[in-house]
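Chemist: Could you work out the structure for the sequence below:
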Amino acid sequence: MYSSYSLSKHLVYVSILAILLLVRSISSLNLTNQYLNHKCFVSEGKYKHGGKYEKNLNVLSRYVSDNDLASGYVHVSHGEAPDSVTIILQCRGDSFRSNCHSCYATAVDEFHRRCQGDRAGIIWYDQCFLVISKIKPQLPRKIDFKNTFSIHNPKNVSKEARSFDKMTREFLYELVRKASYPTVVEKLYQSTYYAAGEKKLGANKIYAMMQCASDILQCKVCLEWCIRELPKCCNGKQGGRVLGISCNLRYELYPFLRS
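Modeler: Predicted coordinates:
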């Protein structure tokens, strides 16, 4: 039978163990919100401090902050040209509500720091991307093949790299078929184009995800283009990513998504 002291001591040990397991679990999933890249569109000009554009930007930024962000996607505009502002936010398919809010807040702050006074630009994080523009794009948006970039895992596949690359691409094409058809987010009646999965490839187990922005047509075309871009960056690598503002994909030899 436990004394009150030994029971308290036991509960402390249990609590510490639970915290360590939680930290280990989060670490193993790589649930970070790392900054990835940004572009400042200097050609679209600067706005004046206290001017109409800045006021419209502040109004729209607060509006997005007040949104539930349950679907992980926002495309809104405010104001009239030449001071109209458009914000597009897309959170990763496993990052809704509070996680999406957090990524949005981080992206807005960092955008203002990196693109001080610029009317337009893009910033990418692990769990979201943010577009701020003075241009109101027509809906649905056309696929943007220009504002893209790639990242690869620094580690190489140890054996049979060509076979690994081939099987990885085949698996990604399987996921394209799932991501190309919209899934209705429960109780929101909004669609998301997102797919994630895992597959045994020889001695390895590969994890992958892909996603299209909710306001584009031809999601399949965009994702297949991303797959064709992979050889330029990621042949023989244990992981690779192609990111844009129309669609993106990623694969790794370790889990990196929430369940």
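
Chemist: Show me the domain layout of the protein.
Modeler: Domain segmentation of the chain under automatic domain parsing yields 1-30, 35-133, 149-252.

Chemist: Which helix or strand lies directly C-terminal to the lowest-mean-pLDDT helix or strand in the chain?
Modeler: Least confident helix or strand, the chain: helix 4-29 with a mean of 37, by mean pLDDT, DSSP states H and E. Where DSSP states H and E defines the elements, the next helix or strand beyond helix 4-29 is strand 35-40.

Chemist: That next one pairs with which strands, parallel or anti?
Modeler: Note on strand 35-40: by DSSP bridges, its sheet partners are strand 121-125 (antiparallel).

Chemist: Would you tell me what helix or strand the nearest residue to Q218 once chain neighbours are set aside is located in?
Modeler: Here the nearest residue to Q218 in space, its sequence neighbours aside, is I143; by Cβ to Cβ, 6 or more residues apart in numbering that works out to 6.2 Å. From N, CA and C alone the C-beta is placed, and that goes for glycine too. According to DSSP H and E, I143 maps onto no helix or strand at all.

Chemist: Around I143, count how many other residues there are.
Modeler: 19 (other Cβ atoms under 10 Å).

Chemist: Below-threshold pLDDT in this structure: ranges please.
Modeler: Low-confidence segments of the chain (pLDDT under 70): 1-31, 183-191, 259.

Chemist: which residues of it fall in helices?
Modeler: For the chain, the helices defined by DSSP state H occupy 4-29, 52-66, 98-114, 161-179, 219-229, 231-234.

Chemist: could those helices go into JSON lines alongside mean neighbour count and distance to S77?
Modeler: Listed next are the helices of the chain as JSON lines, based on neighbours: other Cβ atoms under 10 Å; distance: least, Cβ to Cβ, whole Å:
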{"stretch": "helix 4-29", "mean neighbour count": "10", "distance to S77": "35"}
{"stretch": "helix 52-66", "mean neighbour count": "16", "distance to S77": "8"}
{"stretch": "helix 98-114", "mean neighbour count": "17", "distance to S77": "16"}
{"stretch": "helix 161-179", "mean neighbour count": "17", "distance to S77": "27"}
{"stretch": "helix 219-229", "mean neighbour count": "19", "distance to S77": "23"}
{"stretch": "helix 231-234", "mean neighbour count": "14", "distance to S77": "34"}
